[in-house]
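>>> no FASTA, just this:
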């Protein structure tokens, strides 16, 4: 099963999300000039609303690492997204 199929089956593929992303901005500028493919994978552990709780950081990091590993294993994991 592809990553896209898993997201759609879980309902996550239908979520609307918006966020601000700062760390990847420098990466994007560099890789665009280098004409290479790239992806920024981040573990999100809070809503950025001032009510930060560190209890989810390990889960967020593990989830981001799992996604990155899946992308590295399958070059077509994010096709169509």
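Received the coordinates, thanks. All of these numbers come straight from a predicted model, not from anything done at the bench.
>>> Pull out the buried residues from the helix of greatest length in the chain.
Assignment by DSSP state H gives helix 57-73 as the longest helix of the chain. By neighbour count on 16 or more other Cβ atoms under 10 Å, the buried set for helix 57-73 is 63-64, 67. Bear in mind the C-beta positions are built from the backbone N, C-alpha and C, glycine included.
>>> Identify the residues contacting the residue nearest the centre of the chain.
Closest to where the C-alpha atoms of the chain average out (Cα atoms, centre = their mean) is residue 41, at 3.8 Å. The neighbours of residue 41, taking Cβ atoms under 8 Å, 6 or more residues apart in numbering as the test, are 64, 67-68, 71.
>>> what's the most distant pair in those residues?
64 and 71 (10.8 Å; Cβ to Cβ).
>>> circling back to that earlier point, give me the secondary structure label for the residue nearest to the centre of the chain.
Following DSSP: H, G, I helix; E, B strand; the rest coil, the label given to residue 41 is coil.
>>> Quick check: phi and psi on it?
Per-residue torsions, residue 41: phi -120, psi 120 (degrees, to the nearest 10).
>>> show me where this protein has strands.
Assigned by DSSP state E, the strands in the chain number zero.
>>> Tell me where the model's unsure across it.
Scanning the chain for pLDDT under 70 picks out 1-21.
>>> where along it do the helices fall?
Along the chain, counting by DSSP H, helices occupy 3-10, 23-33, 57-73.
>>> can you put the ones you listed in JSON lines and add distance to residue 81?
Shown next, in JSON lines, are the helices of the chain (distance: least, Cβ to Cβ, whole Å):
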{"stretch": "helix 3-10", "distance to residue 81": "6"}
{"stretch": "helix 23-33", "distance to residue 81": "16"}
{"stretch": "helix 57-73", "distance to residue 81": "11"}
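>>> Nearest to residue 79 among those helices would be which one?
helix 3-10 (7.6 Å).
>>> which residues touch the closest residue to residue 57 other than its chain neighbours?
Computed as Cβ to Cβ, 6 or more residues apart in numbering, the closest residue to residue 57 that is not its neighbour in sequence is residue 45, at 4.6 Å. For residue 45, the contact set (Cβ under 8 Å, 6+ apart) comprises 54, 56-57, 59-61.
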